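Peer 1: Below: sequence and its predicted model.
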Amino acid sequence: MSNVVTPSEFQQSKTEKTLTVSQQVAEFVEGFSLRDVPKEIIKLAKLHVLDSFGIALASSTKDYGHKAASAGLDLGGEGDFPVVGLAHRLPLRDAVMVNGVLVHGLDFDDTHTTGVIHISGSTVPTAFISAMANAKTGYEALEAYLIGVETGSRLAKAAAGGIHANGFHTTGIIGAYGCAMVAGKLCDLTVNQLTQAQGLVASFGGATRAYHANGAWAKRMHTGIAAVNGINAAMWARHGFTGPETIYEYEQGLYGCYAHGQEIDLDVVTKGFGNEWEISNVAYKPYPACHWLHAFIETGIKLREEYKLKPDQIESIIVLAHPNQTAVCIPEESKRRPQSPYQAQFSVHFATAAAICRGQFTLAEIEPDAYGDPDILGLCEKIHYDTTTETLYPDYFSGTVVVRTKDGRELKHAQEYNLGTDQHPISEEQVLDKFMNNATIAVSTRRAEEIRSMILSIEDQADLDEFDSLISLS
């Protein structure tokens, strides 16, 4: 029987299984071992960890990175754990919070597409800082990270964008469940404690998508919030605090509240545990912008190259997006005139125009001289959006661009698969290049190479002391 149900039907279906979903997840986590993971999946996990730390290093040079670190210091004082790229050392939860902000800060971190969740942004800092706190090895840190990806991604995938559609940020909500399993594994929780931890996560607040209103920094916090909430839940469970064991099935549980009215498929949460790897469905970001914009960016670059297209040749442009992606399209007046890097990163008008005008979309395209560029802004005025259901959303973030030129031509391209996914992959060399480009914004080439080498052999590290000293400036 298909387990595609609405929240109001959860109570009817939950009796069909002896174990609740949270108990099944807990059993998977407790018995998980990196020894049973295929080598290609371990390699993939290390590349995603590398990607995350490269972004964190680049973010450490930004104003929001410094403000996040100073807030952490003000809240918790000096501690034992590193902040990537900075001299601050903070207590466990503050360090995890700030490092989560750094990984997600540039909106350059990976995304599990069907789940619509930035999964590494919360699980990487939770795994590595918690491993340091528990005197674990690099092997155990990587193992815990992969647990976070496999559990958190599946929990997000069950809603398939439904949480986002209801106005919440999946990363800040579901991410906490994956992080609770990361922290729980590193604290050697029992199956019962891991079950309780999942129930306890639901008692921590959820993140909304209100940041779209003005491009506020709040979204950058959501990975850190998820990480801290996961750690809190694991620690309370460790000390015997109990939570609801039907948090996924119950009508007023996770999905009943955050994905109310949406279709939920609970079967995908536990399907393929240990045999099918959701990390294979986690997409890298080749462009530093909301993942929903990537198909439009790539299309803009392609149209420019294929037709030698210049902005002054263009009469009008229509961009076609899925109805659930309209947050990057409206209100059109402000999307055409971004006032900050973050607004630029969440504007389909700006991203498409910049790609056509410059033939690229890099960190340089979110600097003031780009979002104030009169050529780009002039083209923004010619762009209008419309919705279409002829996309592969949420499995892939498709996008179509239709250009009408002044000489009467219609140039159209539909990009079904966004670059960085399994169906439209980037190479390992491109991932390594991305890391070096990001890392060397903050550190020397030599140090970046040392960090890269250590992460790519992290499972061989008997402790994380040297890694700590490499990623921080303390």
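Peer 2: Yep, that arrived.

Peer 1: rest of the way, CA atoms for contacts and neighbours
Peer 2: Will do.

Peer 1: does Tyr139 count as helix, strand or coil?
Peer 2: Following DSSP: H, G, I helix; E, B strand; the rest coil, Tyr139 is assigned to helix.

Peer 1: any idea where the helices of the stretch 301-450 of the chain begin and end?
Peer 2: Secondary structure of the stretch 301-450 of the chain by DSSP state H, counting those that start in this stretch: the helices cover 332-335, 341-345, 348-358, 368-371, 374-380, 428-439, 445-455.

Peer 1: What's the mean pLDDT across the second one?
Peer 2: Per-region confidence: helix 341-345 scores 93 on mean pLDDT.

Peer 1: Could you check how far the residue of the chain most remote from its centre is from Ile314?
Peer 2: In terms of distance from the mean C-alpha position of the chain, Asp407 ranks first, at 42.0 Å (Cα atoms, centre = their mean). Going from Asp407 to Ile314 by Cα to Cα, to the nearest Å gives 9 Å.

Peer 1: Kindly report the same for Lys308.
Peer 2: Counting by Cα to Cα, the gap from Lys308 to Ile314 is 12 Å.

Peer 1: Which one of the two is surrounded by more residues?
Peer 2: Ile314 (18 against 10; other Cα atoms under 10 Å).

Peer 1: Go ahead and confirm the more buried one touches Arg404.
Peer 2: Yes - at 6.2 Å, Ile314 counts as touching Arg404 under the criterion of Cα atoms under 8 Å.

Peer 1: can I get the helices of the stretch 301-450 of the chain in JSON lines with distance to Tyr177?
Peer 2: Below are the helices of the stretch 301-450 of the chain laid out as JSON lines (distance: least, Cα to Cα, whole Å):
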{"stretch": "helix 332-335", "distance to Tyr177": "33"}
{"stretch": "helix 341-345", "distance to Tyr177": "27"}
{"stretch": "helix 348-358", "distance to Tyr177": "31"}
{"stretch": "helix 368-371", "distance to Tyr177": "37"}
{"stretch": "helix 374-380", "distance to Tyr177": "40"}
{"stretch": "helix 428-439", "distance to Tyr177": "27"}
{"stretch": "helix 445-455", "distance to Tyr177": "25"}
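
Peer 1: tell me the most buried of those helices?
Peer 2: Among the helices of the stretch 301-450 of the chain, helix 348-358 has the highest mean neighbour count (mean count of other Cα atoms under 10 Å), at a mean of 28.

Peer 1: State the next helix or strand along the chain beyond the one helix or strand Ser22 maps to.
Peer 2: Assigned by DSSP states H and E, Ser22 falls within helix 21-31. Moving toward the C-terminus from helix 21-31, the next helix or strand (DSSP H and E) is helix 39-59.

Peer 1: Show residues contacting that following helix.
Peer 2: 34, 65, 84-85, 99, 102-106, 108-110, 120-121, 124, 142, 146, 277, 279-280, 284, 428, 431-432, 434-436, 438-443, 452, 455-456, 458, 471 (Cα atoms under 8 Å, 6 or more residues apart in numbering).

Peer 1: Rounded mean pLDDT for the helix or strand following that helix, please.
Peer 2: Note on helix 39-59: by DSSP H and E, the next helix or strand toward the C-terminus is helix 63-76. Mean pLDDT, helix 63-76: 96.

Peer 1: go on, stretch 86-98?
Peer 2: 97.

Peer 1: How about that stretch, which residues are buried there?
Peer 2: By neighbour count on 16 or more other Cα atoms under 10 Å, the buried set for stretch 86-98 is 86, 88-98.

Peer 1: Over to stretch 196-216?
Peer 2: 196-202, 204, 206-209, 211-212, 215.

Peer 1: Could you export stretch 56-67 as PDB, CA atoms only?
Peer 2: These are the backbone C-alpha positions of stretch 56-67, laid out as PDB (Å, rounded to 0.1, in the frame of the first residue of the first chain):
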ATOM      1  CA  ALA A  56      32.900  28.800   5.500                       C
ATOM      2  CA  LEU A  57      36.400  30.200   5.000                       C
ATOM      3  CA  ALA A  58      35.200  32.600   2.400                       C
ATOM      4  CA  SER A  59      32.300  33.700   4.700                       C
ATOM      5  CA  SER A  60      34.700  34.400   7.500                       C
ATOM      6  CA  THR A  61      35.900  37.400   5.600                       C
ATOM      7  CA  LYS A  62      32.400  38.900   5.400                       C
ATOM      8  CA  ASP A  63      30.800  41.400   7.600                       C
ATOM      9  CA  TYR A  64      28.000  39.000   8.600                       C
ATOM     10  CA  GLY A  65      30.700  36.400   9.600                       C
ATOM     11  CA  HIS A  66      32.400  38.800  12.000                       C
ATOM     12  CA  LYS A  67      29.100  39.900  13.500                       C
END
